[in-house]
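**Student:** Provide a 3D model corresponding to the input given below.
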Amino acid sequence: MKNELQGLVQTTTSAGTGASSKTIKDTILMYLYYWPLFLISLLFGLGLGYIKLRYTVPLYAANTVINVKGETNMSKGGGNGPGDLITSAMQGGRSVINLDNELGRLRSARLMTQVVRKSDLNISYYREGRFIETDIYHDAPFRLLAKDIQDSSSSISLTLSALTSSGATIEFGNKENPTRKAIGWNQAFLVNNNTYQLTPLSGSFGGNERFIVKWNPVLATVYELLPKVSVNVLGKTSNIALGITIENAKRGEEVLNTMVQEFVLMNLDDQNRFATDKIFFIEDRLSKIDDELKGVEKKQASFQGANLLVGDQANTMGTPIGEAEKQKDLIRQQRSQLSLIRSSLGSPDGRTLPTGGISEGTLTALVNNYNSLVIKRKTTASQVAPGSMILKDLDDQIRNLRTDIAYNLTVNLKALEGQESMFSRQSSQFRSSVSALPDKQRIMNEIGREKSIKESLYMYLLQKREETQLSKVTTAASPYEQIDLATSYGPVSPDKKGLYLYAALLSLAVPVGIILLLSMLNDKVTSREEVEGIVRGAQVVGEINNIRRPEDAVLPSLKGGIIGEQFRIMRANLNFLQQSTEKQVILVTSSASGEGKSFVSLNLAAVLSKTGKKVALLDFDLRKPDDSLPASINGKGIKDYLLGEVELKEIAQPVGELPNLHLFPSGSIIAEVGDLILGEKTDELFDELKAKYDCIVVNTPPAALVGDALILQQYSTIVGYVIREGKTKKKHLKFLNSLLDTKKFNNTCVIYNGVKTGMKYGYYGYGYTKNNSYFDRDGKNKFTRIFKKKKQTFA
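**Tutor:** Numbering: from 1, shown residues only. You can find the predicted model right below:
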C-alpha cells in the first residue's frame, strides 16, 4: 500500500519542488481559449481593410524606355576623344553622351514645366462619389479652357452638376456655403478674376452625375508630379527607364510620352543655341582672316612685281624656314584664341565661350560644359524668379567652371610659349643657313610663308563652320529614341492581398497584446506551474476543479464526477505525507478569505469518512464562521466548549448521510479569539477528539490575516494550504515561503483550488482526457449544455 501511494504522489507532485515552464502547446492552448476575442478582432480588422480598399483611390503604374544612341559614359570611359568630325557634328558636337547629365535633365523642373504646359496637366477632372473622387482625366464629357489668368498662384475647384446640352451649374468657393452659377457651354465666365470656358465633348448629357474640375498653378503641378516620376539607367546599358505611379493610367501614359517628346526637343534646342553661338564666333574670325589674307596676297604681288622674283625659287629656298614659321604662326593663333577665351571668360553678360581652335581635350570639355550651363541658366532665368535657389546653384557651378577654365588657360598658354620659343630657335638656325641668299628672295619667302599660314587657318575655320552648320541642320537625327510608347498596368496600390494580410496580422496581434498586457498586470495566481515555481518546500497534493454551477457546490466529492476523484487522490496523497503514527490532524488554511478552505475542509472530511474512518470536522473560524458549512443546530459550538459552557458531545452534529462524519461548528462570534484558543481547553478539545475519532480536519481563518492558524498548527500533523486560481495573489505565495522558511508551518502541502478547465490551461481536468469517464456522468460537454439551455429557453 505504501508503494502504491508513493507512485500516486509522484504522479501529482513531481514538480512540487522546482520551477516548471509552459510548453509551446500550453501557450497555444491558452491563446485558443480566447478564440472569440481573436475572431471578433479578425473580423473587425478585415472589415477595416475592406473599407480602406473600398474608399482608397487606386494607383496605376506606367513605364517607357529611351534608347540613347551613340557612345555614352556607360559604354566608354568618358572624356572627349578626337573621333570622326562628321560623326561628332551629327551628335551636336558631343562625341560622348553623359547619361548622368541626361538623367538630371529628365528629372528637372524645367522639363516637367514644358510637359505640364503642353498637355494641360494642371487641369484635373474627377467624378464625384459618395466618399471619394475618381480621376477620369480625358473621360470627362467636357474640357476647361483657361482664357485669361490674372492670379496664377491660386488654385480653383469647380463642381459641375445638372449637365444639359446647353450648359451646367457650377459651384465654387466655400464648401459650406458655395457660390452657385449657371453657365453655358463655350461661354466665358469669371472665377476669382480669372476667365475660364467650358467646352462640351459629348452631345448628350443625363443622369445626376457630378463632376469636379480643378485648375492648379503650373509650378504646383510640376512639383506634385516630379516625386511620382522615376528615372533610372537600365543596368549597364544605354537605355533610360521612365516610370510613374499615378491615380489615372491614361494620365500617366501621357505624362511619360510627353516627357520623352519634350526631352528630345529640349536637347535639340540647346544644341542649336550652342551651334548658333559657335557659328557667330567662326564667321567673325573668318572675316578677320580674310582681310589679313587679302593684305598678304597684295603685298606678295607688289613685291614680286617690283623685284621680278620667281615664286618657285623663293619657295624652294625658304621651305625649312617656312615650316618653322608656320608652326609659330599656328601657335600664335592658338594663343590668340586662348587669350580671346580668357577675355570672354570675364564677360558679365553671360555669353558662351568660343570653342574653335582649341586642340587640348580637357579645355574643350570644360568649355563645352561651361557653355551648356550658361545656356541652361538663360533658359531657367526666364522661368523662375530672380534670386531663386536654382539660379544660385547654377551660378555656383558656372563660377567653379570659370576657375577651372582660367587655370587650364594659364597652363596651356605657358606650354604654347615654350613651343613658340622652340620654333623660333629652329627658324633662326634655318635663317643662318640661308643667309647667303639675296635679301629680296628671303623677303619673298617670308611673304609666301605668311600667305600659306593664313590660307591654312582660313580653310580650318571654313571646315569648322561647315561642321557646326551640319550639326545644326541634322538635329532631326536625335540620339534619343523612345523604344515603345508608355504602357500602364495595375492598380499597383493599394495591394489587396498585402493589405488583408497586414490587417489580419494586426488583428491577431492586438488580442495577443491585450492578453500579454493583462497577464503582466495580473497579480493573481493563474496556474499550478506558477505556484510550483515560487513556493519552496511544499508539494501540491491535489488540484480541485472550479465549480461552474451552484447546484454542484454541495459535497461534489461524494458524486462520481471529476471533483470527487480529485478529492480521493488528495486523500491518498495526504495519507502518504503523514509522517507520524499518531492520529491524522489536517489543518486547512489559506492566505485570504474566499479561497475555498471551508469547501476543501468539508469535502476532504467527507471523502476521509467514506473509508470507514470516524472523522471530526472543526470549524475554528471563530471570528467569521463560513456560511458554506452547516450551521449549528442548537446555536452552540467550539467557542462555547472553550468557555466551558457545554460538553463536546453537545456541539457534535452529523453531516448529511455520512454517519462517520461529525461537524463541530464555531458557535457565536466573540472578540478575544486568540486568548481563547491559547487556553487549556484547546488541549483538552484535541485530546478528546483524538480519543474518539480517527481523523480530524480543522478549518482555520486565513493565515495572512490573523494568527489563529499559527497557534493551531501545533496540534496538526499536516497543514493544507489552499491556493485558489485567479484569487490568491502572488505576493501571498511569498508569504507562504516565509512561513516555511521560518518553520512556522511544518509538514505543509499545497491544495490548488478553482482550476478552470479548458484550452486556456492546456488540460481537461486533473490528469484525465476529455472523454474519460471520470467527468460528469451525464456525458454532456460544454456544447451539449449550451444547446440544452437554448432548447429550454425556446420550449
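**Student:** And the longest strand along the chain, what's buried?
**Tutor:** Counting residues, the longest strand found in the chain (DSSP state E) is strand 59-68. By neighbour count with 16 or more other C-beta atoms under 10 Å, strand 59-68 contains the buried residues 59-66, 68. Every residue, glycine included, has its C-beta placed from N, CA and C.
**Student:** Out of those, which is nearest to Y370?
**Tutor:** The closest of the buried residues of strand 59-68 to Y370 turns out to be V68 (C-beta to C-beta; 23.0 Å).
**Student:** wait, isn't the closest one in contact with I240?
**Tutor:** Yes - if you go by C-beta atoms under 8 Å, V68 and I240 touch, sitting 6.6 Å apart.
**Student:** which neighbours do the two share?
**Tutor:** Common neighbours of V68 and I240 (criterion: C-beta atoms under 8 Å, 6 or more residues apart in numbering): 99, 102.
**Student:** Okay, strands next: where are they in the stretch 151-300 of the chain?
**Tutor:** 156-161, 167-172, 179-184, 188-191, 194-200, 211-215, 229-233, 239-246 (DSSP state E, counting those that start in this stretch).
**Student:** Pipe the ones you listed into TSV and attach mean pLDDT, distance to N122 and mean neighbour count per row.
**Tutor:** Shown next, in TSV, are those (pLDDT from 0 to 100; distance: least, C-beta to C-beta, whole Å; neighbours: other C-beta atoms under 10 Å):
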stretch	mean pLDDT	distance to N122	mean neighbour count
strand 156-161	91	11	18
strand 167-172	91	17	18
strand 179-184	91	21	13
strand 188-191	91	15	14
strand 194-200	92	13	17
strand 211-215	93	7	19
strand 229-233	94	16	16
strand 239-246	93	14	20
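**Student:** any chance of those in TSV, plus distance to Q463?
**Tutor:** Shown next, in TSV, are the strands of the stretch 151-300 of the chain (distance: least, C-beta to C-beta, whole Å):
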stretch	distance to Q463
strand 156-161	58
strand 167-172	64
strand 179-184	64
strand 188-191	58
strand 194-200	55
strand 211-215	53
strand 229-233	35
strand 239-246	34
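**Student:** Among those, single out whichever gets nearest to K734.
**Tutor:** When those are compared (using C-beta to C-beta), the closest one is strand 239-246, at 60.8 Å.
**Student:** CA atoms of that closest one as CSV?
**Tutor:** Written as CSV, here are the backbone C-alpha positions of strand 239-246 (Å, rounded to 0.1, in the frame of the first residue of the first chain):
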residue,chain,number,x,y,z
ASN,A,239,18.7,52.7,-72.0
ILE,A,240,16.9,55.0,-69.7
ALA,A,241,13.8,53.7,-67.9
LEU,A,242,11.0,56.2,-67.1
GLY,A,243,8.2,55.3,-64.7
ILE,A,244,5.3,57.0,-62.9
THR,A,245,2.8,56.0,-60.3
ILE,A,246,-0.4,58.0,-60.6
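**Student:** Partner strands of that strand, with direction?
**Tutor:** strand 59-68 (antiparallel), strand 229-233 (antiparallel) (DSSP bridges).
**Student:** Can you give the distance of it from its chain's centre?
**Tutor:** 23 Å (C-alpha atoms, centre = their mean, to the nearest Å).
**Student:** ok, the residue lying closest to D148 once chain neighbours are set aside - contacts?
**Tutor:** Among residues not flanking D148 along the chain, T195 sits closest, at 3.9 Å (C-beta to C-beta, 6 or more residues apart in numbering). By C-beta under 8 Å, 6+ apart, the contact set of T195 is 146-149, 188-189.
**Student:** and the least confident of the buried residues of strand 59-68?
**Tutor:** Lowest pLDDT among these: V68, with 87.
**Student:** And the residue nearest to that residue when sequence neighbours are not counted, how far from V65?
**Tutor:** Spatial nearest neighbour of V68, excluding adjacent residues (C-beta to C-beta, 6+ apart): S238 at 4.4 Å. Using C-beta to C-beta, to the nearest Å, S238 is found at 11 Å from V65.
**Student:** Need the residue closest to the centroid of this structure.
**Tutor:** The residue lying closest to the centre of the chain (C-alpha atoms, centre = their mean) is Y502, at 12.0 Å.
**Student:** which helices and strands does the helix or strand harbouring that residue pack with?
**Tutor:** Taking DSSP states H and E as the definition, Y502 sits inside helix 496-521. On a contact count with 3 or more C-beta pairs under 8 Å, 6 or more residues apart in numbering; DSSP states H and E, helix 496-521 meets helix 24-32, helix 35-55.
**Student:** can you do 6 Å?
**Tutor:** Judged by 3 or more C-beta pairs under 6 Å, 6 or more residues apart in numbering; DSSP states H and E, the packing partners of helix 496-521 are helix 35-55.
**Student:** how about the helix it packs on: buried residues?
**Tutor:** Buried residues in helix 35-55 (16+ other C-beta under 10 Å): 38, 41-42, 45, 49.
**Student:** Could you point out which of those residues is nearest to F263?
**Tutor:** Distance to F263, by C-beta to C-beta, is smallest for G49 among the buried residues of helix 35-55, at 40.8 Å.
**Student:** contacting residues around the closest one?
**Tutor:** 499-500, 503 (C-beta atoms under 6 Å, 6 or more residues apart in numbering).
**Student:** And it, how far from S238?
**Tutor:** In terms of C-beta to C-beta, G49 sits 44 Å off from S238.
**Student:** How about G361?
**Tutor:** Using C-beta to C-beta, G361 is found at 22 Å from S238.
**Student:** When these two are compared, which one has more neighbours?
**Tutor:** Higher neighbour count among G361 and S238: S238, with 20 against 13, using other C-beta atoms under 10 Å.
**Student:** Name the single longest helix found in this protein.
**Tutor:** Among the segments of the chain that qualify as a helix by DSSP state H, the longest is helix 249-307.
**Student:** any low-confidence regions in the stretch 451-600 of the chain?
**Tutor:** 470-477, 549-554, 557 (pLDDT under 70).
**Student:** Please read the previous query as pertaining to the stretch 201-350 of the chain.
**Tutor:** 203-204, 206-207, 305-321, 347-350.
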